[in-house]
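# Task: produce atomic coordinates for the following.
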Amino acid sequence: MLEAVRTSDDIEALMLDLGRKAQAAARPLAIATSAQKNAALIAMADAMAARKDEIIAANSRDMAMAQQAELAPSFLDRLKLDEGRISAMIDGLRQVAALADPVGDVIATWERPNGLKIERVRTPLGVIGVIYESRPNVTADAGALCLKSGNAVILRGGSDSIHSSRAIHAAMVEGLKAAGLPETAIQLVPVTDRAAVGALLSGLNGTVDVIVPRGGKSLVARVQAEARVPVFAHLEGLCHVYVDASADLDMAKSVVVNAKMRRTGICGSAETLLIDSAVIGTHLEPIVSALLDAGCEVRASAAVLKVLPGLKPATEEDWRTEYLDAIISVAIVDGVGGAIDHIARYSSHHTEAVIADDPAVAERFFNEVDSAILLHNASTQFADGGEFGMGGEIGIATGKMHARGPVGTEQLTSFKYRVHGTGQTRP
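Residues are numbered from 1 along each chain as shown. Prediction:
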């Protein structure tokens, strides 16, 4: 019945109905107690555990279609759910339940000379639209974080993961019911037609307050170009690792290989390796060899090719490419200043790492690199809300307005001012 919705008029009517229901659910959700929201999250986790076989079966259908379509291995990795990944989703729901409730948190207080007492207090954003592609775990992450922060959410997953997303969503609705919260607090767009995305980007007659896209460059570019409401997003995860002359070689090898190869298809995967010219003779070959041994293709700058002539030459386009695959570009730079200049020219301002024992190098890197997430002596694969202790993330934002970096419960709130007086009037 759901797939029978096909005409543009039908889709528009469907989406407007989702918007109205979400807006209606947002009001009671905004004043729901922490205990209610936490009970829903725990019930969702229990329902997901009970439905684990059902979720795996649904995911198998999506995987079979993706394999038949001969989609890339990195795409299949993002799409796949197994016992371990479902357990991680369940743990994520419980972790979000354990987080402090941001709603009602008093951010600041002060008193004016006239006796007025002013408070800045966190409030939900309202209704959030989340548009994502192949990663069905986003259904759980986004639903949980929006619920905890008092927001209703409309989820539009990709057609490639529709069966998986529906199975996960069913468990989340079960949790909402168990806690007595509106079932329409978390809604999943039931059709795969692209027109549904356009409708959501329109804001659904003012019922949607924020859009969060999570997917490839073409999806995010479309959202940023067409959205009629604010967007939290990053266009690309063009992440760099800089290995300084002061870096411990064994640490550098370990961190670089993990940053690139742990999971190549995620936005926190390193795409460019920068090595200090002062350690060409000691660090370059061992680190490149470690990458090659791990199965990574290495594309090298002219300076790197002089030392390691057997590598594939890097083109100008390579420095601007988010591979999302087992490929990395390698360049030689003149110290931390050269690394900062290269990153400023090519970075998407997502995540960068510096490997250095010299604290002054790390401090300069942190002060001068303008990206949402910066790491010292750690893998870029830690660019994740769950690893930040946020219980998950709805996405990574690289803009500079409102939210930046992992978007968790606090970033899904706004604020209002509460002013307490004793009868003051303004002269």
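# Identify the residues contacting Phe75.
Shown in contact with Phe75 (C-beta atoms under 8 Å, 6 or more residues apart in numbering): 66, 134, 160, 265. C-beta: built from backbone N, CA, C; applies to glycine.
# Could I get the buried residue list for stretch 399-412?
Counting neighbours by 16 or more other C-beta atoms under 10 Å, one finds that the buried residues in stretch 399-412 are 399, 403-412.
# Once you drop chain neighbours, what's closest to Thr398?
The spatially closest residue to Thr398, leaving aside those adjacent along the chain, is His234, at 4.0 Å (C-beta to C-beta, 6 or more residues apart in numbering).
# should've said Val330
Leaving aside its sequence neighbours, Val330 sits nearest to Leu273 (C-beta to C-beta, 6+ apart; 4.6 Å).
# Which helix or strand contains that neighbour?
Here Leu273 sits within strand 270-276, counting by DSSP states H and E.
# now Ala47
Per DSSP H and E: helix 34-50 holds Ala47.
# Output that helix as CSV, restricted to C-alpha atoms.
Listed in CSV are the C-alpha atoms of helix 34-50, where the atom choice follows Å, rounded to 0.1, in the frame of the first residue of the first chain:
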residue,chain,number,x,y,z
SER,A,34,13.6,13.1,31.0
ALA,A,35,12.2,10.0,32.5
GLN,A,36,9.6,9.7,29.7
LYS,A,37,12.2,10.1,27.0
ASN,A,38,14.7,7.8,28.6
ALA,A,39,12.0,5.1,29.1
ALA,A,40,11.2,5.4,25.3
LEU,A,41,14.9,5.0,24.4
ILE,A,42,15.3,1.9,26.7
ALA,A,43,12.1,0.4,25.3
MET,A,44,13.5,1.0,21.8
ALA,A,45,16.7,-0.8,22.7
ASP,A,46,14.8,-3.7,24.0
ALA,A,47,12.5,-3.8,20.9
MET,A,48,15.6,-3.7,18.7
ALA,A,49,17.2,-6.6,20.5
ALA,A,50,14.0,-8.6,20.2
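# where's the residue located most distally from the centre of the chain relative to His420, distance?
Most distant residue from the mean C-alpha position of the chain: Pro427, 49.2 Å away (C-alpha atoms, centre = their mean). Pro427 sits at a distance of 19 Å from His420 (criterion: C-beta to C-beta, to the nearest Å).
# what is the mean pLDDT for the strand or helix carrying Ile211?
Counting by DSSP H and E, the element that carries Ile211 is strand 210-214. Mean per-residue pLDDT for strand 210-214: 92.
# The helix or strand following that strand packs against which elements?
If you walk from strand 210-214 toward the C-terminus, the next helix or strand you reach (DSSP H and E) is helix 217-226. Under the contact criterion of 3 or more C-beta pairs under 8 Å, 6 or more residues apart in numbering; DSSP states H and E, helix 217-226 touches helix 195-201, strand 210-214.
# And the contacts of the shortest one?
Spelled out, it's strand 210-214. Identification of contacts with strand 210-214 by C-beta under 8 Å, 6+ apart yields 125-133, 135, 138, 142, 200-201, 219-220, 223-224, 227, 229-233, 394-395, 407.
# ok so, going back, hmm, the residue nearest to Val330 is touching Val333, no?
No - contact criterion C-beta atoms under 8 Å: Leu273 and Val333 do not qualify, at 10.2 Å.
# between those two, which one's more packed in?
Leu273 (26 against 21; other C-beta atoms under 10 Å).
# List the contacts of the more buried one.
Contacts were defined as C-beta under 8 Å, 6+ apart; by that measure Leu273 touches 240-241, 243, 256, 260, 287, 291, 328-331.
# which residue packs closest to Leu204, ignoring adjacent ones?
With C-beta to C-beta, 6+ apart as the measure, Gly19 is the residue that lies nearest to Leu204, at 3.1 Å, once sequence neighbours are left out.
# Which stretches in the stretch 201-350 of the chain count as strands?
For the stretch 201-350 of the chain, applying DSSP state E, counting those that start in this stretch gives strands covering 210-214, 239-243, 270-276, 297-300, 312-313, 327-333.
# and Arg166, which of those strands is closest to it?
strand 210-214 (17.8 Å; C-beta to C-beta).
# The closest one vs helix 217-226, what angle?
Orientation note: strand 210-214 sits at an angle of 160 degrees relative to helix 217-226 (axes from the mean of the first three to the mean of the last three C-alpha atoms, to 10 degrees).
# thought Ala49 was touching Ile90?
Yes - proximity of Ala49 to Ile90 meets the contact threshold set by C-beta under 8 Å, at 5.6 Å.
# Looking at the two, which one has more neighbours?
Ranked by neighbour count (other C-beta under 10 Å), Ala49 and Ile90 place Ile90 first, with 19 against 15.
# distance of that one from Met390?
Ile90 sits at a distance of 17 Å from Met390 (criterion: C-beta to C-beta).
# and what of Arg320?
From Arg320 across to Met390, the span is 30 Å (C-beta to C-beta).
# Pass me the low-pLDDT residue ranges in the protein, would you?
Counting by pLDDT under 70, the chain contains low-confidence ranges at 1-6.
# And the helices in it, which stretches?
Secondary structure of the chain, counting by DSSP state H: helices at 8-30, 34-50, 52-68, 73-79, 83-98, 137-148, 162-179, 195-201, 217-226, 249-261, 285-293, 302-307, 335-346, 359-368.
# so of these, which one's packed in deepest?
Among the helices of the chain, the stretch with the highest mean neighbour count (mean count of other C-beta atoms under 10 Å) is helix 137-148, at a mean of 28.
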